[in-house]
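Novice: Show me how the following folds:
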Amino acid sequence: MHIRHMKGSLARVLSAVVLASIGLSSQGCGPITAHSSIARAHIAIEAAEGARAKKLAIFEYESAHLYLRKAKLEEGLSSFQSAIDLARLSRNYADSARARALKSSQARPLTPTERRRMMLNQGSRVPTQPVRPTSPKVTNPQGSPSIPPMPKMPTPPQMPPQNQANQNQGGM
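Specialist: Numbers count the residues shown, from 1 in each chain. Predicted coordinates:
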């Protein structure tokens, strides 16, 4: 009889543990869902960047960025349902920005190489204008570079000399 009593209490403990784990998993669902929604919105924005939506669909692209920023803020404040809704809006705007950019006549998706180059240029602040070739340097007979001579400056005009006699008459 003592064993049956232990089985019953063990069964109650196990059922309490199972119920507690179910309760904890339902609480974790909000943060996990919010985070995955934000991640999907971020991926959609990157896809829009690949289609050059930053220049071709400015309104949708910026709206997607702003909604994503607000979704991250709401997630940080533990307002998970708001974060999910805002991330969904961000993803919708990013998808429409990508579609609009691809629809544009000048658009075509970037190749992975072009995308990497664009990201490197943005990160390292490399100038996008090509560097102009410089003129060859003048070298002296020893072979070392030298600076070409400056052109001579014109001489300033000089006043004609005046006679002392004219100066004495003019002064009286």
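Novice: rest of the way, CA atoms for contacts and neighbours
Specialist: OK.
Novice: where do the helices sit along this structure?
Specialist: Applying DSSP state H to the chain gives helices spanning 2-50, 53-56, 58-76, 80-103, 112-124, 164-171.
Novice: got the phi/psi numbers for residue 153?
Specialist: Main-chain dihedrals, residue 153, degrees, to the nearest 10: phi -80, psi 140.
Novice: Could I get the pLDDT score of it?
Specialist: pLDDT recorded at residue 153 is 72.
Novice: next one: residue 8
Specialist: 57.
Novice: go on, residue 11?
Specialist: If you check residue 11, the pLDDT there is 59.
Novice: And for the one 3 residues further on?
Specialist: Turning to residue 14, the model gives it a pLDDT of 53.
Novice: cool, residue 150 as well?
Specialist: Looking at residue 150, its pLDDT is 69.
Novice: same deal with residue 90?
Specialist: For residue 90, the pLDDT comes out at 96.
Novice: got the contact list for the closest residue to it other than its chain neighbours?
Specialist: The spatial neighbour of residue 90 that comes closest, neighbours along the chain excluded (C-alpha to C-alpha, 6 or more residues apart in numbering), is residue 64 at 4.2 Å. Under the criterion of C-alpha atoms under 8 Å, 6 or more residues apart in numbering, the contact list for residue 64 reads 45, 89-94.
Novice: quick one: low-confidence ranges for the chain?
Specialist: Confidence mapping of the chain against pLDDT under 70 gives the ranges 1-28, 105-109, 123-148, 150, 163-172.
Novice: can we see that at 50?
Specialist: Counting by pLDDT under 50, the chain contains low-confidence residues at 1, 19, 23-26, 125-131.
Novice: Appreciated, that's everything.
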